[in-house]
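Student: Turn this into a structure:
(chains A, B and C)
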Amino acid sequence: MEIFGRPLPALASQVMLGLVNGSFYAMLSLGLAVIFGTLNIVNFAHGAFYMVGAFGAFFALSSLGINYWVALILVPLVVGFIGVLVERGLLRWLHGLDPLYGLLLTFGLSLILEGLLRDVYGSSGRSYPRPPELNGVWNLGFMVLPISRAWVIGVSLVVCFATWFVIERTKLGAYLRAATENPALTQAFGVNVPLLVTLTFGFGVALAGLGGVLAAAAVQITPLMGSNIIIVVFAVVVIGGMGSILGAIVTGLGLGIVEGLTRVYYPEASATVVFVIMAIVLLVRPAGLFGRA
Amino acid sequence: MRKGLMASAALAALIAGPAYAQQFSGDAVKIGVLTDLSGVYADFGGQGAVEAAKMAVEDFGGKVAGKPIEVISADHQNKPDVAASKAREWYDTQGVDLITESLNSSVALAVSKVATEKKRVQMVTGAATSRLSNEDCGPYTVHYVYDTYALAQGTGAATVKAGGDSWFFLTADYAFGHSLEKDTGDVVRNAGGKVLGAVRHPLSATDFSSFLLQAQSSGAKVVGLANAGQDTVNSIKAAYDFGLTPKQQLAGLLTLVTDVHSLGIQQAQGLYTTEAWYWDQTDETRAFSKRYFERVKKMPNSNQAGVYSAVTSYLKAVQAANTDEQDAVMKQLKSMTINDMFTKNGKIRQDGLHVHDMYLFQVKAPADSKYAWDYYKQIAQVPGNQAFQPLEQSRCPLVKKS
Amino acid sequence: MTSQASPPIASAPGRSGLGAPAIFLAVLALGIVAPFLGLYPILLMKLLCFALFACAFNLLIGFVGLLSFGHAMFFGSAAYATGHAMKVWGLSPELGVIFGVLVAAALGVLVGLLAIRRQGIYFAMITMALAQMFYFFALQAPFTGGEDGLQGVQRGSLFGVLSLASDMTLYYVILAVVALSWLLIARIVHSPFGQILKAIRENEARTISLGYDADRFKLVAFILSAALAGLAGSLKVLVLGFATLTDVHWATSGSVILMSLIGGIGTLTGPVVGAFIITGLENVLADRVGSWVTVILGAIFVASVLLFRKGLVGTLREHVFRGRARTA
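Tutor: The predicted structure follows:
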C-alpha cells in the first residue's frame, strides 16, 4: 500500500523514528519550560545534562556493573543532584540579573561538560550494549517496530504526561505554579520557595538525564549529542511558546513526527524543517503556538 | 612568504649553488603525523599511526645521512581547516619536511594544497579519495596505501561477481564517500549491475536508523557502505538492529581489520574487504605486528603499516639523495622500488600514486577463527597494475601524455 | 519579554570612549611592528580578523542590548561568498570581499526581520536556531563543498596591481582594513544614531514613546553588525585560503561571545582584547591539551559571568573612574 508514492512500511517506520526523536524533544523542552518558569533561566546546559545521562548509564555499566534497568532510576537521580549543586553553587548568584547571563553561564557549563566527556571518551563516543530484553522487533504487519524504540516512546510519553499531571493537577504543582507567579507571596504563606525552586531545577535536569539513559539504548552516545539536540529544542520551545507545559510536550512530539515525514518525502530538508517551521511561526504568531504573549 | 631563521637558511642554501645538494633544512629531518586522535577515525589511524612512524624512525637508526630525525604529531579532529592551518604552521615555523598520514580525504586534499604551495612533501596514507592522484594531484603529494578506485575494483567487482547486481549506497557525505560511491558505481555498472540509489549521511553520524530504512525500502540486493571507521561499524550494527541482513547483503567498501575487531567477528563474518596489507600474511608482517602490538595493544591495520612503510621509504629516499630538499627527494621516491614488509614491488608513479599489490579478503566465520585477531582469509591477490587506475587514464595534469 | 526590573546586560560604566583612542593607537603601533618581532604573520592576521568579528558582535550586544547567538552565520556566509567569488568567478580580492560583505548584509536583513520580533532570551534562541539552519544549508549546498570546505582560494592581486601572495603585504592590508573598521564602529557608537541605540537598550518603551521606531533602529544595527562580521569572514578567507563548516558552526558563535564577554561588553576596545586573548589561547593550548581547550573556555565563560561581568576593559575602566557617580 502506498501513501503519496511511498510504501506504507517505509512511511510508518520513519514516522516511528520521528516519534522517538519527538519524545526526546518533548522531554527536554518540558524540562526547559519547567526550569524557565521557576528560575527565569534558559538552561543551555540542558542538552549537556542529557548527554551526561547517556554517558552516566554507560559508565555505570562499564565501570560499576550497574545494569540498564537500575541505571534508569539511578542515573537521573545523580544527574538531578548535579543539577541541584549547579543551581545552588552557580545559578544562585545570577538571581535578579538579566536572564541572558543565565544563558551564558549555562552555555559555558555545557562546554565544560562536553569537553570533559570528549577528553575521556573521544568525539565519536561509545556504543551502549543494549539489554537483551530490548533487542528484537515486533512485527505489526504494516511495519516492523524495534522493541528498543517502542520502549523509548512509551517511557517518554508516560513521564511527560505524569509531569504535566503533577504540575497542573496536584497540590505540589499548585505550590510550584504559585511560586512562579509570585514568589514573595507564596513564601509568606509558609512554602519554602528557594527549596522548591532548587528541587524543580534538579527535577528538570533529571528529566534530561532520563532522556539520556533512554537514548543510550537506542543510538550511539557521543559528547556532541547534547549540543546537537539543544538547538533543535530551542526551536521547539520558540514554536510552542514557553507558556504551557502541555504545549511543550505536544509541540515536541509533533515536530518529531514532522521531521520523520520530511525524511520520507524530502530527505534533504529533514535537518532544517524544524527551523523553517520556527521561521514561519515567528512570522505568523510570534508568541508561539501555545504561548501567551 | 617564508619567515624565520630556518627558512632564511634554506633560502641562502638554495642560492649558494651546487653545494645545496648537501644541505638539510633546519639541520634535521622533521616528520609530522597529522591524524585524528580522538574521533571517528581514531582507530583507523590515530595514536597507532604516530607509533608506527616512531617505529620506522627507530628502525632506521634515528638518524639519516648523519642528521637527527624528529617525529611530531597533531590532532586535526577531522576538520580540514584545522589540518590546513596546522600544516601551514608546521611548514612555515617548525621546519617540517614531511607530513604523513593525513586521514581523512578532506584533510588530505586541504593539506595537499598547502604542500604544493609551500613545496614540501606529503605522503598520504589514511585518505582514500582517488582525486589525490587525479584532479587534485600535486608534485609533492604521494598517495601511498589505497584509493577508492582500488577499493571499488576489489570489493565492488567481487560482490557483483557473487551475485550482488543491484546496489544502494550509504555514503559518508564528504570527498571520500563521494569518490567511493562514484568509483564503485562505475564498477557495478561496467559489470552489468544497477545502482538503485544512494543516501548521504554526515560524517560521524550518531543514528543510522533512518538511512538504513531508506536502504531497506530500495529493495537493492547489496547495501554498499561508502564510509569508514566508526561510521562503518555503526552502520553494520544498525543494519542488524533493523533486520536488514540476511535479506540484503552488506558491502563494507573500506573496512580495516580494526573495524572488524570493534564490530566483533559474529556480526562481521562474510564481509568482503579489499586491503593492501594484513598482519598475518608473512613472517615479516607478523614480526612487525608483534612489536607494534606491544606498544599499542592492538594489531596494526593496513593504514598504520602504511605509515611505517611510507616513513621508511621517505628516509631511504633522503639517504639516497643525501638531502631533504623536496625535488631531489621526490625524484628519488618516484624512481625507487618499494621493497619492505609492507609490499615487495611497490612503485610510485608520476601522478604520485603508489602502485602495489592489493588483496581481497573475506572475514572468517567465528568457528574458523583460531586465535586473537585471526579475522581474514585471503580470497585473491590483485597485482598492482590491475588494482589501480592505469596511468593513461589519470586526470592528473602532471602526467605527460605521450 | 525582558523584565525592565533587572539592568540590561550591557550598561557600560563611566563615560564610554575615554581611553579608547589611546588604546587604539597603542595597539595599532604594536600591530605595525609586530611582524618584525618574529611573530607568525598568519597568526597575527587571524587575531585581527577575530578582533573585527568580536567588535561587530559587540556592536549588537554592547550598544543595542541584543545577544545574537548565531553570528557565525554572517562570518561564514561571507567567507563562502568571497571564496566562491574569487575561486570560481575569478574576482579580484577587493571585489570578492565586497561581495562577501553584501551577502552577509543580505542575510542580516532576512535574519533580522525574523529575529527582531522577539527580544532578550527569545532573540538569542532564534538567532541560534537560524544559524543552525544556515549550517545545515552550508553542509548540503554543492558550492560550499560541505565537509571538505571551499579550499584553494588564491589571494590574487589587490585592485589588480598589489600582489597579496606575500604574508607581509597581506598583513598590512588587513591591519589597515581592521583599523578603519574599528574607527567606523567607534564613529557609529558616538553618533546620534548610536545614542538612540543606547536609549533603546536602556529603556525601549520610553524611546518609542519619544517617537522613535525602535524596531527599525534595531534592524539597521543588526544589519551593520552582520556586515562587519561578514567583513571579518571575507578577510579570513584571504588569509587562510579556505572557508569551511567550522566558520558557520555554533562553536564559532560561542567563542565570539566569550571574546566580547571577557574583553568587556559595551566597550570599544574590550572585544579586541578579548579576541586576542581567546584566539591566542586556542592556538597555544590546542596542541598541548586537546579537548581540554573546550573545558578551559567553558570555565572562563562561567567564571566571567559570575565574577567578571564587565570584562577586562570594563573592570579596568571602573577602577580608573572609581568615585565618579554612575547615572542609572
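
Student: residues near the residue nearest to A:L185 when sequence neighbours are not counted, how many?
Tutor: Of all residues beyond its chain neighbours, the one nearest A:L185 is A:A178 (7.6 Å), with distances taken as CB to CB, 6 or more residues apart in numbering or on different chains. The way it works is simple: take the backbone N, C-alpha and C, and place the C-beta from them, glycine included. Using other CB atoms under 10 Å in any protein chain shown, A:A178 is surrounded by 17 other residues.

Student: which ones are touching A:A178?
Tutor: With contacts defined as CB atoms under 8 Å, 6 or more residues apart in numbering or on different chains, the neighbours of A:A178 are A:L185, A:T186, A:F189, A:V191.

Student: How about A:I82?
Tutor: Counting by CB under 8 Å, 6+ apart, A:I82 makes contact with A:F49, A:V52, A:V205.

Student: in terms of contact, does the second one touch A:L117 like I think?
Tutor: In this case it means A:V52. Yes - with contact defined as CB atoms under 8 Å, A:V52 counts as touching A:L117 (7.2 Å).

Student: Mutual contacts of the two, please.
Tutor: Taking CB under 8 Å, 6+ apart as the criterion, A:V52 and A:L117 do not both touch any residue.

Student: picking that back up, can you name the helix or strand that the residue nearest to A:L185 falls in?
Tutor: Here A:A178 sits within helix A:171-181, counting by DSSP states H and E.

Student: State the next helix or strand along the chain beyond that helix.
Tutor: Stepping forward along the backbone from helix A:171-181, the first helix or strand reached (DSSP H and E) is helix A:183-188.

Student: Which strands or helices does the following helix or strand past that next one pack on?
Tutor: Along the chain past helix A:183-188, the next helix or strand (assigned with DSSP H and E) turns out to be helix A:193-216. Helices and strands touching helix A:193-216, as assessed by 3 or more CB pairs under 8 Å, 6 or more residues apart in numbering or on different chains; DSSP states H and E, comprise helix A:8-39, helix A:46-64, helix A:68-89, helix A:147-169, helix A:171-181, helix A:183-188.

Student: which stretch among those helices comes nearest C:K198?
Tutor: When the helices and strands packed on helix A:193-216 are ranked by proximity to C:K198, the top entry is helix A:8-39, at 28.4 Å, counting by CB to CB.

Student: quick one: is the closest one near chain B?
Tutor: Yes - between helix A:8-39 and chain B, judged by CB under 8 Å from any CB of the partner chain, the touching residues are A:P9, A:A10, A:S13, A:Q14, A:L17.

Student: re the thing from before, neighbour-wise, which of the contacts of A:I82 leads?
Tutor: The contacts of A:I82, ranked by neighbours (other CB under 10 Å): first place A:F49, 34 neighbours.

Student: Mind pulling up the pLDDT for that one?
Tutor: Turning to A:F49, the model gives it a pLDDT of 96.

Student: ok, now A:M143?
Tutor: Predicted confidence (pLDDT) at A:M143: the value is 77.

Student: Next up, the contacts around the residue of the stretch 151-300 of chain B found nearest chain A.
Tutor: Closest residue of the stretch 151-300 of chain B to chain A, CB to the nearest CB: B:S217 (3.9 Å). Under the criterion of CB under 8 Å, 6+ apart, the contact partners of B:S217 comprise A:R6, A:P7, A:P9, A:A10.

Student: avg pLDDT for the one helix or strand it maps to?
Tutor: When elements are defined using DSSP H and E, B:S217 is found to belong to helix B:209-218. Throughout helix B:209-218, pLDDT has a mean value of 85.

Student: ok, back up a step: distance of the residue nearest to A:L185 relative to A:A188?
Tutor: As for A:A178, its distance to A:A188 is 11 Å (criterion: CB to CB, to the nearest Å).

Student: ok, now A:F142?
Tutor: 58 Å.

Student: Likewise for C:L139?
Tutor: The spacing between C:L139 and A:A188, counted by CB to CB, is 54 Å.

Student: Neighbour count for those two, which is higher?
Tutor: For the pair C:L139 and A:A188, the greater number of neighbours falls to C:L139 (19 against 10), based on other CB under 10 Å.

Student: what about the more buried one, which SS state?
Tutor: Taken by DSSP: H, G, I helix; E, B strand; the rest coil, the conformation at C:L139 corresponds to helix.

Student: Which residue is the nearest non-sequential neighbour of it?
Tutor: Nearest non-adjacent residue to C:L139, counting by CB to CB, 6+ apart: C:G146, 5.6 Å away.

Student: Kindly report the same for C:G65.
Tutor: Closest residue to C:G65 in three dimensions, ignoring its sequence neighbours and counting by CB to CB, 6+ apart: C:R201, at 3.6 Å.

Student: Quick one: name whatever helix or strand follows the strand or helix carrying that neighbour.
Tutor: C:R201 is located in helix C:192-202, with elements delineated by DSSP H and E. As assigned by DSSP H and E, the chain's next helix or strand after helix C:192-202 is helix C:204-209.

Student: do that next one and chain A meet?
Tutor: No - using CB under 8 Å from any CB, no contact is recorded between helix C:204-209 and chain A, whose separation bottoms out at 13.7 Å.
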